[in-house]
Structures are given as structure tokens and as C-alpha cells.
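S.K.: show me how the following folds:
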Amino acid sequence: MLNLTINGKAVQAKEGSTILEAARENGIYIPTLCYDEAVEVYGACGLCVVEAEGIPKLLRSCSAKVSEGMVINTESERVVQSRKIALELLMSAHDGDCVAPCQLECPAHTDCQGYVGLIANGEYKEALKLIKNRIPLPASIGRVCPHPCEKACRRRNVEEPINIVQLKAFAADIDLNGDAYIPEIAQSTGKKISVIGGGPAGLIAAYYLAIMGHEVTIYDMMEKMGGMLRYGIPQYRLPKEVLDKEIAIIEKMGVKMINGKKLGVDYTIKSLKDESDAVIVAIGAWSSSSMRTPGEDLDGVYGGIDFLRGVIQGNPAPIGDKVAICGGGNTAMDACRTAVRLGAKEVYVVYRRTRAEMPADEIEIEEAEEEGVIYKFLTNPLSFNGENGKVKSITLQIMELGEPDASGRRRPVPVEGKTEEIAVDSVIMAIGQKLVSADASELELTDRGNIKADEDTFETNLDGVFAIGDATNRGASIAIEAIGEADRCAKVVDAFLKGESFETRVPYISKRDESTIDYSQREKKNKTIAKVLPADERKNSFDEVSLGLTEEEAKAEASRCLECGCREYFKCSLLNVAQRYDIHPERWGGEMPQKYNENSNEFIERNTAKCILCGLCVRACKEVMNLSSIGLLGRGFSTNIAPAFNLPLNETNCTACGLCVSVCPTGALTERSALGKQVPLKERYEERIIDINGKKAKVLVASYGGKITRVIPNDEISRTAGLSREELFKKV
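M.R.: Alright, predicted model coming up:
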């Protein structure tokens, strides 16, 4: 045994062993992508470099041997810089999506591709569990979310995006109507958290903190929990019975809910902080924004949020027969369609831009039109005109589109001298909502009158007090934004309670070059949208408009998914290393050396665009299996890994043993899948029981010629243990 020092730690290693082997034997991590114990050392990736005292150049630890008294640093500034450059070069030629664009665009980072694939395979319970990893109110959100995920869906480049939002509601409804899923709760930590506000942000923060084992109490000023999901969204879009069921699940998890208690009246932030270990302020934005239009103070002029809340509470405002709604978002659509259901004869939507620029969902715009709503595009209120203190008409300025503004949309400008006047009984201003500043008098506010909270940690000016949702920073947004913030805030608060730091750095992920994607061979399939009640029937009641997807429709719609994200995401060695460092591959950008080239057989799929030329698959095939079914073709920048003469794998001596898939550090070699469900390789597997941390775990073992070639985790214990391939092999 030789004595050496690694990162200041005195260790021993066998004479003749490499620095990498010595480090691993002593629990010291050194990254590598091209090393495997089963094959000869190659040293292709350049990531395992270390610095040795007295040696001027960096050493590749996979091949450099240890010597007596050697002093090694595996994380020096020079080593880290070398690894970052190596990673940037590898990633600059790696054309693949770690995560699907739909998931990246979702503010809650929901694994849309994952649950869509599970629905396609009929695995609805598993789909629901995956959804609830990120969205604890999926049946409610599946009915009201404006689905930014679908705007990023690449299926739109074939015909139409996947109907992700209604698939979410489909899986959630099955769960609510059966034995509802409740996640496992960790052992009690003894820590108490007070959450102010029972809207989506507060409910979701409480949900995650309860899972972590904390004692959580939600305080809300309204008679029931739900916030704007309950009091801002009409019954015909979100039945409150659905919301009640989902909130009841959170209550079953041990979250205490106290209603009818108002901040600043019944308690203060300070009083809650005195009895809690942390406080989360999620009080929402309950005041309708002003339009600063003359006549706003007239009787019959209402704020959009105030109007909708009154209807939901059973106390609708008297709106008369002729109603004008000002605004172009979903709140304006909710207001105009609610006015129709209250019996208004003429309902106008006044919007200063064109229909194409309305931020409301297209389906909401269309359904409102079917129900008789009249749109007044390119008009802007000049004044609300009254008689004896009651609104009687509205004067509209005719507009036209000018140059683009900061949002990229063409700015509406007045057409000089052109106006229009329409008679109305009431006006509903649905242009936005804001915080009631008196509710947050204990906290520091921004120039816009919202709670000032750190963008990454959600900390306020008071120690141990955090703020999220519509009341903070930029103001009111969509519910899924609040849910994403609540998830992150729960993690921050958990770290705070444990006295730990919280990593705010966004880890690197690879995104595919859109210009390399060819959709020409994709079969076109029409998008499936849930049927709705006929307009004449629905406009006379508050019954839910959407009838939801049937099982047959849901499976057919889910099967349209292109599976953009990498199936190897959770076990990709390349990504695991890349996320350890702050890398910027774009500075080495150029033409991708390998465009996507599918060269597969019945069991193995090859994606050359993801290949980093580590050579592990080539060496494993040759040295372990004695087959040489694949090899390195070409030279220089255009080098590629493929069968000889670029033959299809089916025409080689490939036995589909799966060893190449097992050693591949990226998603360049994967088992063929059917929408998220792995299709197993040839039936060469036997199930074995191994011990992992004192628990019996199941794995599948494949062998060829008497040699074990592959070990696959086969239950929850083995899948979540985080063991490397080498560690699993040793266990077997």
C-alpha cells in the first residue's frame, strides 16, 4: 500500500492503481465519462484531470498511477477550469434536449412529457403521481391554466400542439373519483410554519411543507380556502366541488386551515412569527386595477375581480341588460360570459388592440362569441358617462395599430377625431388586479406597491418571513406561476429551518438546435379537444362547460406526443457532470458535427446527435462481447460511431445484449420506447434480490457468454438509491 494525500486527506492505495481508482476507493469523486472498469482505459473525455504537486501538467486520473507521497488536488481552480472547457466543447457538439420544451415553459416545471406518455399507455395513477410532484391541484389547474406548455409544444410544427392541459384534468378527475392519491409524509420535524393566504400559492406551499414533515397552518380572510381559484374563476369553468375535493386532500395531509381571519385585524405577521418558526405571506391581489378613466366612480362601474367575487358569493351586482367589459384577458372573458349567464341582453367586450393580440385563451374568445358576446376591437374608453350618479353610456376612442411597444406588440394609437358612444347599464373593468397595500403594512413594498421579496429566496425585509404569489414583485399572474413559486419557496423555507444554504443557481441543461429537426415524416393527426355544452344550453346556466376527455380520446391525444425530452435524463452521466459547473457551451458554437441519424434495430435506438465520441460503446462491444458491431467511422470533426459501412444494426452481428446502452453516458443509445414506457431488450433477464442499505431491492440481470452485461433497477428501492452502474454490478 502507498501513502498519498487527496484534497488534504491522507489516504492509502494499492501500488499500481490509478489516481481515479484510489480516489473512488476512498470516497472521493472525480468525474469521468469515458471510463468503465470492464474495458481498457481510453482517456477521451478529458474530465478526470487532477493536479499533482510537483508535476507541471494536469494528469488524467484514469491512467496516471499513484506513487508514494503523492499530493493531489481534484478540485483546484486550474482543474475546474480545464473541466469546464472540456464540458463546453462536449456540449457544443451535443444536439439533444435534456428536458422537453413543454416542461421548460411550464412555470411549475411539470414533467408534461412524462405524464402524457403514461396516459398514452393507460397508466393513469402513475400519471397522476407525476403531475402531483409539481401541481397538487391538478383537477382545478387542468381546467383553468392558460397552458404555456402548449405554446412550446413541438407538435405545433406538425399540425397542432398536444392538448396537455385537458390531459392533466383527465388524469386528475380519475383520481378524485376513486381512491385519491396522498403522498407519503415525512417524520415530524417539530417545526411550525404559518401561511397567510389560502389561494393556490399558500395551499401549494403548505402541501410541500407538510410532505417534508413540518406543521403548517393556513390563515385566510375568506369563508373558504381557494383564493382566486374559488372567488375569481366562475363555476362554469371551475366547479367549486372539484376545488373542495382537492383542498380536502391537503387538509387530510395534516395541514390546519383557519378561515375568516384577516391579516392586520385578527393577527399580524409579527404575532404569527412569535409562535412560528417561519411565515409565508401569500395574500394575493384582491383589488381591481383602476383604468383612470373619467366616470369610474359612477354607480354601475365595477372592478372585474369584485364583480366575479360577488357572483360566486351569491351576491351578484345589478348589471342590467347592457354591459360593457373593458379588457382582453381571461378575467374579461370570465366577466363577459358571467354577465351573459346573469341575463344581460347585450354584452360588449371593449379592447384597444385586435382579436389576434388578445391575451385571453382562444377557446374562451370563441365560446364567448358563440354565447352572443359582441367584440369592440381597436376601441378604448375615453369616459364613462352618467346621469344622476349612475352610468348611462361609454364613449370609445377609435384606435389603430402603430409601432411595436416593449412587449413586441404594435402599440394602439388614437385615430384623431374618431369616437363612438354606446349605451350601457353597467361597466366592468377587467384590466388587472393589485395588492391591497394596507394588508402588507408590516413589509417593505416595491415602487409598484407590491411586497418586495427576493427573486430567488422569497425573503422579505423581516427575518424568517417569506412572500410569494400575486402580492409580490411583478404583481398578479397566472395560477401556475404562483404554484411554481410555492414549490421553490417550500424548499427554501425547509433549508432555512434546517440552517442550510439553498442553491439558487439554475443548473445547465442541453437544448436541441431547432433548425436540425425534421418533421416531414411525421404523420398528421388532428388535436382532440373535449366536447362542450351547446352554446344555447350553457349560456343559461353555470354548469361546467367542458365535458372532459373520454378515456379513448385521452389515449389517442396523448399518443401524438413527439417525446422531445431525453429518456435518459435521470441517469445521464454527461448531464450529471455538466450541472456541477457553470458552463457556457455557446461560446464554442458552430455547425453541429452530427445531425440526428436514427440507425436502430427492434430493441436499441441510436441518436448520433447526442453522441460525444467517448468510445465506451465501441470498446465494450469489442472487448467484453467480442463482437465489434459498431465502430468509429470517419476522421476529425466528422467522426461518427456507427456499424461498418453504415449498415443498419439489424444487418450486423449485434445480439441486442444492451451492454452498449448500459455504458453510454448520454442518451445516444437507448432502449426503444413506446411513449414513456421502456420496451425491454431480448428476454435474457433474470430477477435478483440485492441488499441496498439494509433493504431488499429487486434488479434485473442480463448476461452473455457467462458474463454479466447489464443490471437494471426494478423496484422503487433500487431506482431511487442513486447507485452507479459499477456499484450495482458489485452488489450483484
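S.K.: low-confidence stretches in the stretch 201-350 of the chain?
M.R.: Across the stretch 201-350 of the chain, nothing is flagged by pLDDT under 70.
S.K.: again with the stretch 501-650 of the chain
M.R.: Counting by pLDDT under 70, the stretch 501-650 of the chain shows low-confidence ranges at 593-602.
S.K.: what sits against Gly198?
M.R.: Ile218, Tyr219, Asp220, Met222, Met225, Gly226, Gly227, Met257, Asn259 (Cβ atoms under 8 Å, 6 or more residues apart in numbering). Every C-beta, even on glycine, is put in place using the N, C-alpha and C of the backbone.
S.K.: mind picking the two most distant members of those residues?
M.R.: Taking Cβ to Cβ as the measure, the contacts of Gly198 span a maximum distance of 14.0 Å, between Tyr219 and Gly226.
S.K.: what's the following helix or strand after the longest helix along the chain?
M.R.: Among all segments of the chain classified by DSSP state H, the helix with the greatest residue count is helix 479-498. The helix or strand immediately downstream of helix 479-498 is helix 535-538, counting by DSSP states H and E.
S.K.: give the buried residues for that next one.
M.R.: Taking 16 or more other Cβ atoms under 10 Å as the basis for neighbour counts, the residues of helix 535-538 that come out buried are Ala535, Arg538.
S.K.: ok, stretch 175-195 next?
M.R.: Neighbour counts over stretch 175-195 (16+ other Cβ under 10 Å) mark Asp175, Leu176, Thr189, Lys191, Lys192, Ile193, Ser194, Val195 as buried.
S.K.: likewise stretch 247-256?
M.R.: Neighbour counts using 16+ other Cβ under 10 Å place Ile247, Ile249, Ile250, Met253, Val255 of stretch 247-256 among the buried residues.
S.K.: rewinding a little: closest to Gly499 among the buried residues of stretch 175-195?
M.R.: Each of these was checked against Gly499 using Cβ to Cβ; the closest is Lys191, at 11.3 Å.
S.K.: surely that closest one touches Asp277?
M.R.: Yes: if you go by Cβ atoms under 8 Å, Lys191 and Asp277 touch, sitting 4.6 Å apart.
S.K.: overlap of the contact sets of these two?
M.R.: The contact lists of Lys191 and Asp277 share Leu497, where a contact means Cβ under 8 Å, 6+ apart.
S.K.: relative to Ile247, how far out is the nearest residue to Glu420 once chain neighbours are set aside?
M.R.: By the measure of Cβ to Cβ, 6 or more residues apart in numbering, the closest residue to Glu420 outside its immediate chain neighbours is Leu396, 4.6 Å from it. The span separating Leu396 from Ile247 equals 42 Å under the rule Cβ to Cβ, to the nearest Å.
S.K.: can you pull out the strands in the stretch 51-200 of the chain?
M.R.: Using DSSP state E, counting those that start in this stretch, the strands of the stretch 51-200 of the chain run over 59-60, 71-73, 192-196.
S.K.: for the helix or strand encompassing the residue nearest to Glu420, name the packing helices and strands.
M.R.: For Leu396, the enclosing helix or strand under DSSP H and E is strand 390-404. Using 3 or more Cβ pairs under 8 Å, 6 or more residues apart in numbering; DSSP states H and E as the contact definition, the elements that strand 390-404 packs against are strand 379-387, strand 410-423, strand 426-429.
S.K.: before we move on, the earlier item: and the furthest pair within the buried residues of stretch 247-256?
M.R.: Looking at the buried residues of stretch 247-256 by Cβ to Cβ, the two members farthest from one another are Ile247 and Met253, with 10.8 Å of separation.
S.K.: where exactly do the helices run in the stretch 151-300 of the chain?
M.R.: Listed in chain order, the helices of the stretch 151-300 of the chain (DSSP state H, counting those that start in this stretch) span residues 164-176, 200-211, 228-231, 240-252, 269-275.
S.K.: how far away from the center of its chain is the shortest one?
M.R.: Once both centres are worked out by Cα atoms, centre = their mean, to the nearest Å, helix 228-231 turns out to sit 23 Å from its chain's centre.
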